[in-house]
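J.: Have a look; sequence and predicted model below, questions after that.
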Amino acid sequence: ENCPHQQPTYLEDTGYYSGRPNHPVKSLFPDTNAKFLYVAHQGGNGGSYKQSQEGYTGQKFHCPKVGGLESHCRPGKDCAIWYDLVRKTPGTSCTLENGHGKGICCPGFPRNGLHGKAFEKPSSCPKGVKLDDHVEGINIMSVNEAAHAGHLRMGTTAATEKNLFDNNIRVRPGSDRHTHSWLFFHSTDESVKISNGSMYGVYTAQQLVRRFQIKPDQVHCILNRFELKDTNLFKTCPTFPNCDQKTLTSPYRTINGLCNNIHPPGHVPWGVPNTQYQRALAPNYADGLWMPRRSTNGGELPPPRVISLSVVRDVDAPSETDTTWIMQFAQFVDHDVLETIEAKLADGSPVPCCTDDGNFLSVEDYAHGKCIPIEIPKDDPFYSKFRQRCMQFARSAPACRTDGRFGYVEQMNHNTHYLDLSAVYGSDDQVAREVRTFKNGALNVTRLRNGYHYQMDLLPPDEIESQISSCALSKAVTGIDPPPEVKCFKAGDNRVNVSPYMVVTQTVILREHNRIAAELADLNQNWDDERIYQETRRIVIAQWQHIIYNEFLPVIIGRSKMQELGLLPLQKGFSRDYDENLNPTILNEFAGAAFRFGHSLVPGKQDLINQKRVKERDILLRQHFFKTQEIYTPGNVDKFLIALATVPGLTVDNYFTEELTNHLFEEEGKGFGMDLVSLNIQRGRDHGFNGYNSYRELCGLPVAREFHDLLDLLSPTVVEKFESLYDSVDDIDLFIAGVSEKKTEGALVGPTFACIIADQFLRLKRGDRYFYDLVDRPGSFTEDQLNEIRKISYARLVCDNSNVLSSQPLIFKSVSEVNPIVDCESFDSIPRMSLQPWKEVENTGWHVAEDGVKWFPDCDFPGHDIGYVQKVADGGQCAQKCKDTKGCNAFWASYGWCTLKTIPTWQHRVQLNGGICGFVPEKF
Ligand code: HEM
Ligand SMILES: [Ca+2]
């Protein structure tokens, strides 16, 4: 009873946290310091949200039941997952307990389901596939012979490519195709090298398939028997270093994600850039290898543009509950975790797939196999005006297979697969260096004067991109000459310039990094640049992950799906969810279809709205792809940010703005651009996705035998359209059916996309050794630090890093009675995190051993009672448990690590030294 902060937690029969002390439940950390936690056990009226020790008076506001559950008044960010219910329940707008600031009445978080399972890995040779005798006979000699032929094919490809060049068939800078290939699907020397290498493997496999007439269903089974290293192709794929002790025990993730998952020596690590996507289902390539899918009856599938034209309409369907932020944040998440690498010419330049005037090239010009251009129908109501028959489409680059074997083609991700803000910090060391100042942990910025004072920082310029493509607007659009200071912006992901909304989104995080870095430098004046940068990066990534799982994902897939898979964030304590056997790699179907749902949410115009929330003007998207000039006008960053929080979002459906379906990346003066819906459909075929029906099966939904079986999830009009377009119900493309699905209750997407997206976020949480709420990991925070991170909301980040003066607390949600606009200074309604727990405490209690290693004697913490060390054998690992004499504060050591909870910023490594456990202070 000497432990003042120790609070038991109870679970009600319903499985929800509530105020009734029924069954005491073991919490992970029974002794943890509960100062900042939601406390469920306060008798009488139940719990209350307790922000600090001061002014605590208990629950004042009487909250109605929400969804049949007891609810309490809390800051909006603690009710994000309940928003759909809260909005429908009268009387849920409340005043927070200290009388300052608006809150929301909602229950505590439901208990997470424990049985969320990721998809099974598709088998490399499905049961029941029997190999023909002559296929069984293929041996390593046959493979090497094919490799020889593959090598010759590399030579003819070079000749084809030279021919294109000599005949002046190129991708013209400034054209829509150039923007798509060069600015959007950017590549590096490294990725070009890898994809050229894997092209050799593809050509070799194609030779084998042709020579032995291997049937499509047998292709992968036989090819996958052969390892590259046993053939002439042994040098074509990169190798990766092993994980050294320093990396394994570092509290900071590596920039490229290497050793986040600890890979066995010689294996390809999971989640690092330039590695393949994984698949939810084994692919459906027409030849079993790389040819795009065909209809189940062997015929052609309908051309993507025809599907786009028949199913897609440009009519706004505004959301009743979401803001435009949902769309914009989703795109930012996408840019964190993936960027597909497109096939390039051998020298790395974009592959031309149509003539510059919109016609098909000759058969010889396609001999490299990198193009599958999209046919535009002659009577296309839009493109016919411009006599366009061919829409440019280069295939995605083949990846080096992670299994090191031959097999069907996989596609490649240029970014770290993890949720690690690589879109800000870079996915490789070079970019990471380019965005840093190397002073006081700060990132590079552009600082411009506005009269006598400086504007808030903008992203730094990308000098190289600015030379290739001016990000300035032409005089024809603005009426003035492009100002010389206008540059493309530089960030960790090159798609930052895709639109002004994207730029402001990245600007907020850039400023947050520099804001935190400055504060940390102030708190810990002995920290050097590297330490400040890494600590700041760790905090900002934790905020990012918290916002994704607390505020964003519940909107996309809904609370019940989150709960079912165990994706709800914890409100207190630590998680032990990490599973080293769960592959965090991005799913191909997530990148190529499901997470493209956002395209349906993109508004045709981006608005500028002032502090009074009055719209000043808007800009037409087609004029602003990779044109960032608007950002330079003082005040505009704020106006775009306010617009994102004000303009109602759209709904996911088969309505897409014409800016994307006719004018994507439009070259000024041309009048037309590309069609993103066609690109998405063609990309699905390029990547070998199965028909929509197969994913229904994967997701446990009824498999449709006839078109009308689809009426459970698709509207009669859409089903009718599909029936007229496709020969079979098994042929329907995943993307277009996915966006057309009826939405799941409380979710933004339908059940098939929700299922794929949920699986991905399960992997990104449980497969990330540095996930922010994990315990006992090198990257773990102390509990005090973690509880500060949990205070963060996206509204707070926008408030703190702009001149925006007010916001609704749940910024992904429209303003309403429960989600009213409040001043950015209301720290109760939109809580702020304190960095005090990151202040390093003077440490004197070290015993320096002869070898110079500092040992920590037992648990004699400065300023704390003398404690004791208890040695616990833990699976042969060195593990210790320390308690202070009152037993209130405990810390565990396992996995060779010990996280000390009483002195926040010191992390203590446990060293095995002649069998003795000891503590060393972490040296950064
Ligand atoms: C201004 C708005 C947007 C533009 C101009 C845009 C443009 C594009 C383009 C050109 C592609 C590549 C298409 C292809 O050739 O396969 C693409 C892919 C993609 N988009 Fe968008 N998009 C926008 C918004 C969004 C949003 C809001 C989301 C949110 C979920 C999103 C998610 C994705 C994903 C996941 C991919 C796959 C990327 C890859 O494979 O590298 N996009 N987008
Ligand atoms: Ca990443």
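T.: Perfect, I can see it now. Ligands and ions are numbered 1, 2, ... in the order given.
J.: number of nearby residues for the residue nearest to F234 when sequence neighbours are not counted?
T.: Using CB to CB, 6 or more residues apart in numbering and skipping residues adjacent in sequence, the residue nearest F234 is L228, 5.9 Å away. In short, each C-beta sits where N, CA and C put it, glycine included. Neighbourhood size, L228 [other CB atoms under 10 Å]: 24.
J.: what does D403 give?
T.: By other CB under 10 Å, neighbour count at D403 equals 15.
J.: What about the closest residue to T446 other than its chain neighbours, how many residues nearby?
T.: Sequence neighbours aside, L458 is the residue nearest to T446 in space, at 4.3 Å (criterion: CB to CB, 6+ apart). Using other CB under 10 Å, the number of residues around L458 comes to 22.
J.: of all of the stretch 551-700 of the chain, which residue lies closest to ligand 2?
T.: For the stretch 551-700 of the chain and ligand 2, the shortest gap (CB to the ion) falls at I586, measuring 9.1 Å.
J.: hang on, the earlier thing: wait, the residue nearest to T446 sits on L448?
T.: Yes. Here L458 reaches L448: they are 6.9 Å apart, a contact under CB atoms under 8 Å.
J.: shared neighbours of these two, which are they?
T.: Taking CB atoms under 8 Å, 6 or more residues apart in numbering as the contact definition, L458 and L448 share the neighbouring residues Y632.
J.: For the stretch 401-550 of the chain, just list every one of the strands.
T.: 412-413, 449-450, 453-454 (DSSP state E, counting those that start in this stretch).
J.: Worst mean pLDDT among these?
T.: Lowest mean pLDDT of the strands of the stretch 401-550 of the chain: strand 449-450, a mean of 84.
J.: Next up, the contacts around the residue of the stretch 551-700 of the chain closest to ligand 2.
T.: I586 neighbours (CB under 8 Å, 6+ apart): Y277, Q278, V337, L338, N413, H417, Q760.
J.: Which pLDDT does the model give it?
T.: Reported pLDDT for I586: 98.
J.: how about it, phi and psi?
T.: I586 has phi and psi values of phi -70, psi 140 when expressed as degrees, to the nearest 10.
J.: The protein against ligand 2: which residues are in contact?
T.: Counting by CB under 5 Å from the ion, the chain comes close to ligand 2 at D336, N415, T416, Y418, D420, S422.
J.: was I right about the third one contacting P269?
T.: No. Counting by CB under 8 Å, no contact exists between T416 and P269, whose distance comes to 10.7 Å.
J.: out of these two, which sits in the busier spot?
T.: T416 (31 against 21).
J.: And that one, how far from L774?
T.: In this structure, T416 and L774 are 18 Å apart, going by CB to CB, to the nearest Å.
J.: where do the helices sit along the stretch 601-750 of the chain?
T.: 636-646, 658-661, 676-686, 692-698, 716-725, 734-740 (DSSP state H, counting those that start in this stretch).
J.: Dump the ones you listed to TSV, plus mean neighbour count.
T.: Shown next, in TSV, are those (neighbours: other CB atoms under 10 Å):
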stretch	mean neighbour count
helix 636-646	24
helix 658-661	22
helix 676-686	25
helix 692-698	21
helix 716-725	16
helix 734-740	28
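J.: I'd like those helices written out as JSON lines, with distance to ligand 1 and mean pLDDT added.
T.: Output for those, formatted as JSON lines (distance: least, CB to the nearest ligand atom, whole Å; pLDDT from 0 to 100):
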{"stretch": "helix 636-646", "distance to ligand 1": "12", "mean pLDDT": "98"}
{"stretch": "helix 658-661", "distance to ligand 1": "6", "mean pLDDT": "97"}
{"stretch": "helix 676-686", "distance to ligand 1": "4", "mean pLDDT": "98"}
{"stretch": "helix 692-698", "distance to ligand 1": "16", "mean pLDDT": "98"}
{"stretch": "helix 716-725", "distance to ligand 1": "20", "mean pLDDT": "96"}
{"stretch": "helix 734-740", "distance to ligand 1": "10", "mean pLDDT": "97"}
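J.: okay if I get those as CSV plus distance to D78?
T.: Listed next are the helices of the stretch 601-750 of the chain as CSV, based on distance: least, CB to CB, whole Å:
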stretch, distance to D78
helix 636-646, 19
helix 658-661, 36
helix 676-686, 36
helix 692-698, 34
helix 716-725, 38
helix 734-740, 32
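J.: where does the protein have its least confident helix or strand?
T.: strand 10-11 (a mean of 28; mean pLDDT, DSSP states H and E).
J.: Now do the residue of the stretch 101-250 of the chain found nearest ligand 1 against A394, distance only.
T.: Ligand 1 sits closest to F184 of the stretch 101-250 of the chain, with a gap of 5.1 Å, by CB to the nearest ligand atom. Distance, F184 to A394, by CB to CB: 12 Å.
J.: Of these two, which one has the most company?
T.: Neighbours per residue, other CB under 10 Å: of F184 and A394, the larger number sits with A394, 24 against 19.
J.: ok, the more buried one - contacts?
T.: The neighbours of A394, taking CB under 8 Å, 6+ apart as the test, are S181, E342, A343, K344, P350, V351, C353, K370, C371.
J.: What pLDDT is listed against S48?
T.: If you check S48, the pLDDT there is 34.
J.: for ligand 1, what are the nearby residues on the stretch 551-700 of the chain?
T.: A591, F595, R596, F597, G598, H599, L601, V602, F625, L676, L679, R683 (CB under 6 Å from any ligand atom).
J.: cutoff 8 Å now
T.: 590-592, 595-599, 601-602, 621, 625, 660, 664-665, 674, 676, 679-680, 682-683, 686 (CB under 8 Å from any ligand atom).
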